[in-house]
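S.K.: Dropping a prediction and its sequence here:
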Amino acid sequence: MTRHPEHPHESEVLAKTVQAIDTALKRHRGAHFESGGNNFTNRVLNSGLREDILTQLEEFGHEPYFARLDFVDTRGPQKVYFGHAHLPFSHGTVLDWRCDLYSLYLGGNARPQEYRVQATGRTHKVELLLKRRLEIRDRALLDVSDTVDYRAVQPKLPTAARPPSGQAAPPPSSVRPPDVQTDEFLIRKLKTRGDSRLQDIVATIQADQDAIIRAPLDATLLLHGVAGSGKTSIAYHRLAFLMFTEHGYKLKPQQILVIGPNRMFLGYVSDLLPSLGVGGIEQRTFADWAWARMRRRNAALPESPVFTDMVEVKLGEPRARKLDLERWWLSARVRGSLRFRQVLERHVQHLAAHPPLPTREFRSELQLDYVADDQKHYVLTPEEVAGLWAQTEEETPLAQRREQLLSLAQGQFNDWFTREIGPVEGPDEARELRRQRTLIRNHLTRSWKTIDVLEAYEDVFQAGHLSAVARGILSAAEQNALRLTRPVRVTGKSGNGPTPPLRIDLADLPGLFVLHQELYGVQPAAYRHLVVDEAQDFSPLQLQILLEACPNRSATIVGDTAQSIYAYRGIEEWDEFDALLPPAELQKHLIRQNYRSTAPIVAVGNAVQQVLRGEKALLSQAIQRSGPRPRMVALASEEQQARHLLAQIRELRQAGHPSIAVILPRTGQVAEVSAFLTRHQVEHQALTEDQEVTSGTLRGVTVLPAALSKGLEFAAVLVPFADEEHYSRASRHEGHLMYVALSRALHELRLCAVGRFTGWLDQAQQEAEVDYSHLSRPPIVWKGQKLLAQLRETRRQRVPFSEIAGEIALRVETLLRDGQFDEVLEAYAQLGQVARPTLNDLLLLLAERDEELFVRRALDFRVPEALRERLEEAMTHLGQQQCPRLWVYQKRLDLLLSGEGNPAPSPSPAAPSKTSTVTSLPPFQERSPGQSMSHAALKRQLQPRAQPLPKKVRKTILRYRSQVVAQIPVPLRALVEAGLQLNLFDDQTAAAVRTAFRKVTGRFPEELG
């Protein structure tokens, strides 16, 4: 690197600055104000001095500034340096990066410029002379680089008007801004990262980031940033900017709320705000914040409940039934919706309309000897209690109305006592009055106990009651899901042990908070600015609650929908927040630049995103920071994978990486992998639950689940178990987990799996170094080839079908899930049934997605007899929808039914189908004989004594049709398929179908028929 000609001068300036800092530290340490105040006053004043001056000097003395700006304004030539804080020195001034002038440094590079002062609203015109970057580390000047330098051109002093544009243009090289993707200064900074804490980006802030940071306080921002885009850093630097006193916002730490996704993440970022000179800001998880606010109004609530995630628990159960998972998923989505709030409000209205008032009258006798017997008896009837309830304020929260009722009942007794006995005189009467008031309160509270918000919440889910309060709001399926997943409180002790802590499902917490507000009242909001990080993990109801706590709607909302690992209690798309954040009132910023990972790692992440989100993917733009390509190693056994993991950890340690993460798909695997590493004497820390971490916790080797790794970053990342079993292509949730895991890596990424990699990595394999040498045969990698082309290629390679049947089944399942029916049908048409679903199964699935495409494809396949009724039903629906091509389909059907051959496929419609990538099938040359076979043709191919199966037997077999056909030997499969359609079998095909049925069910069809 060639040294800048002014490097010696800047080194001299730095030396003076460092000396001035040391002198200032020596002068201020332990100094006292000599102003006549007492010792306490001196301590307070000196405490402020340390915070304002000493802390800044000590924190940033090793790098006092990072940029220089020369310009000319109405006062003449100016030269300033920029750092983390204002540091005035005799030889020059270091300005805080948050000042308005810094926007001039980050702005355009033309000579005439202007900047705006936030506090006054005035715009100042200047002439730019020099923009210089200074790379300082440990008080040593490493590099000097200039973005622009106009000092050789005679400056013209600015006036009130904009400088004329006819000035001589500088050389193009002087004005070209550095490309962020090839910026050498930025790349050098990123290469040195590896510290286990979130670091400030002050020295590398880009102009687009600065524009977001400097948005006014009253703005509501949504930052959708890719993994590694620095979106969290931007949000935190924005806080530091808003709190800068020169801007006049007068924002205090206690007026700001930062909500993070979990305690681990908050611990990870905990050093960032103090490093920016900001302290005292409340940083909480939603669960901790909401529970603390509830306890302020209701001290009876337990102090520290255990927050659980029932859907995550179910997802981690290997044998969890799909129906149960779907039910819990739907239930969590409903409980986080704004509609659920309506249900809760109805529930409270029901409670207020049906209070548990006493049904028996209250009778009491005064214990005062001098009172006549006929004056001693006081009666409070149920009717009187109901009348008192009617006198309470309807708009008051229910718990307060209950207290009002108790006070009114006691007040009525006071009035009776005064009327019958007279004013209270002496201690005996006062004592008796208190006793009677207590008896009245006890009478009422026996019927209406203190309101228990947990019990009131559980009551919502009772079958009959839920139907009443959810009518017209929730569907029957949603109500059923809520009933079957209703919260159940675990109470009481186990033997002589301690009482178990209260466990609360995180999906229930927003509803509990809303219900608590309805019952106990709303606390006055005090926040003036809100930050919500990883906002995709928050439900609409959670965000509504948080926005209500910040009534001026000043908010910075940060997230990435590609990392929606909690979509069941969060969101999948930002438009789910539209009711809360109308697009017209929201400033949405898409942040594509990835500052975390090397270009090869970013390429792998983008490949996974494309599979995961398709056209909706927000692809990362990589900094041109080189690094090794990610490695993917397929292994033959679990033992091989374990040995490979040890070798990789050893290798990455030897490479000097300060932080290495082993990221696992499920929390339950952490203990097992941790025990394995311990047996092999590998020092590490295992993180299995949400816990606070410090900057030192994540150094060395860390084993943790993917769900807890979100928001963190590590120098090197290992992702074992990257196979279909652990990251199923059928589960978008597991696809999000895979993306989160691999996007944590700064410098190196390595993945391994036993056998085939998950389908989420199919495209990523083109961007990585893939090693299949440990397997007897490399698996099929679907590199953009059509299913038919890939199958033909494997045929040419003479790969036995039995070896690839599982991979083909996964591919077919994926294509069907993604709506690529024509690609599967094309393969079936040319090669016969290649996976478990039969042709009829495929067409019926297609009918559920797109009835018109189903009609076209059913006609292409000559209308299988078993689908005739469904085809006619679909054509009836098309007629009702006034489909313009219905006459073409009807004509083709008539030709088929008349036996006039196989007409050509219908021409493509004007608009392609949403569920298809191929609008019409080509002429089929390799049609399997059983798929279009007539009864006579089938009879000719069977043995002479072919006959139908008994009706009950055939009906039983058809219930398991797809599974049975998959078990039939390939040479007989077409004949059996045709036989099931036409009910015609000879001895060989009948025996084959009975044997296959027994393999599937364990019994013969006659036994089940």
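M.R.: Arrived safely. Numbers count the residues shown, from 1 in each chain.

S.K.: contacting residues around stretch 956-964?
M.R.: Residues outside stretch 956-964 that contact it (C-beta atoms under 8 Å, 6 or more residues apart in numbering) are 836-838, 840-841, 949, 980, 993, 996-997, 1000-1001, 1005, 1008-1009. Heads up, the C-betas are built off the backbone N, CA and C, glycines and all.

S.K.: I should have written stretch 77-96 there, sorry.
M.R.: With C-beta under 8 Å, 6+ apart, stretch 77-96 has contacts from 13, 16-17, 20-21, 56-57, 59-60, 63-72, 97, 99, 101-102, 105, 129, 134, 155, 200, 202, 244, 275-277.

S.K.: If you count neighbours, what's buried in stretch 961-981?
M.R.: In terms of neighbour count (16 or more other C-beta atoms under 10 Å), stretch 961-981 has its buried residues at 961, 964-968, 972-981.

S.K.: Run me through the strand neighbours of whichever strand or helix holds residue 148, direction for each.
M.R.: Counting by DSSP states H and E, the element that carries residue 148 is strand 140-149. Strand pairing for strand 140-149, using DSSP bridges, gives strand 123-137 (antiparallel).

S.K.: Can you give me the pLDDT of residue 53?
M.R.: Listed pLDDT for residue 53 reads 56.

S.K.: Low-confidence stretches in the stretch 851-1000 of the chain?
M.R.: Scanning the stretch 851-1000 of the chain for pLDDT under 70 picks out 899-933.

S.K.: ok, which stretches of it are strands?
M.R.: Assigned by DSSP state E, counting those that start in this stretch, the stretch 851-1000 of the chain shows no strands.

S.K.: Okay, now the unreliable bits of the stretch 451-600 of the chain?
M.R.: Looking at the stretch 451-600 of the chain by pLDDT under 70, you get 490-498.

S.K.: go again using 50 as the cut-off
M.R.: 492-493 (pLDDT under 50).

S.K.: all helices of it, in order?
M.R.: 453-460, 463-470, 476-484, 509-520, 540-548, 599-613 (DSSP state H, counting those that start in this stretch).

S.K.: Now do the third one: distance to the chain's middle.
M.R.: If I follow you right, that is helix 476-484. With C-alpha atoms, centre = their mean, to the nearest Å as the basis, helix 476-484 stands 24 Å off its chain's centre.

S.K.: before we move on, what about the fourth one?
M.R.: On the basis of C-alpha atoms, centre = their mean, helix 509-520 is displaced by 24 Å from the centre of the chain it belongs to.

S.K.: picking up where we left off before, out of the buried residues of stretch 961-981, what pair is the most spread apart?
M.R.: Distance extremes for the buried residues of stretch 961-981: the farthest pair is 967 and 981 at 17.6 Å, using C-beta to C-beta.

S.K.: For the residue nearest in space to the middle of the chain, which non-adjacent residue is spatially closest?
M.R.: The centre of the chain sits closest to residue 564, judged by C-alpha atoms, centre = their mean, with a distance of 3.0 Å. Among residues not flanking residue 564 along the chain, residue 536 sits closest, at 4.6 Å (C-beta to C-beta, 6 or more residues apart in numbering).

S.K.: Number of residues surrounding residue 592?
M.R.: 13 (other C-beta atoms under 10 Å).

S.K.: Could you give me the buried positions within the strand holding residue 148?
M.R.: Neighbour count says strand 140-149 has 141, 143, 144, 147, 148, 149 buried, by 16+ other C-beta under 10 Å.

S.K.: just stretch 936-944 next, same as before
M.R.: Applying 16+ other C-beta under 10 Å to stretch 936-944 flags 938, 941, 942 as buried.

S.K.: Can you give me every residue that contacts the last one?
M.R.: This points to residue 942. Taking C-beta under 8 Å, 6+ apart, one finds 975, 979, 984, 985, 986, 989 in contact with residue 942.

S.K.: ditto for residue 678
M.R.: Residue 678 touches residue 684, counting by C-beta under 8 Å, 6+ apart.

S.K.: Please identify the helix or strand for it.
M.R.: Element membership of residue 678, judged by DSSP H and E, is helix 668-679.

S.K.: After that helix, which helix or strand is next? Please name it.
M.R.: strand 685-686.

S.K.: ok, which stretches of the stretch 801-950 of the chain are helices?
M.R.: Under DSSP H, counting those that start in this stretch, the stretch 801-950 of the chain gives helices at 801-817, 821-831, 839-849, 851-860, 868-880, 886-897, 935-941.

S.K.: Looking at these, which is nearest to residue 353?
M.R.: Per C-beta to C-beta, nearest to residue 353 of the helices of the stretch 801-950 of the chain: helix 839-849, 43.9 Å.

S.K.: mean confidence for the closest one?
M.R.: 92.

S.K.: and the angle for it with helix 821-831?
M.R.: Counting by axes from the mean of the first three to the mean of the last three C-alpha atoms, to 10 degrees, helix 839-849 points 160 degrees away from the direction of helix 821-831.

S.K.: List the buried residues of helix 839-849.
M.R.: Judged by neighbour count (16+ other C-beta under 10 Å), helix 839-849 contains these buried residues: 839, 840, 841, 842, 843, 844, 845, 846, 847.

S.K.: Could you check how far the third one is from residue 978?
M.R.: In this view, residue 841 and residue 978 are 16 Å apart by C-beta to C-beta, to the nearest Å.

S.K.: ok, residue 577 - how many residues close by?
M.R.: 23.

S.K.: Would you tell me which one of the helices of the stretch 801-950 of the chain is buried the most?
M.R.: helix 851-860 (a mean of 24; mean count of other C-beta atoms under 10 Å).
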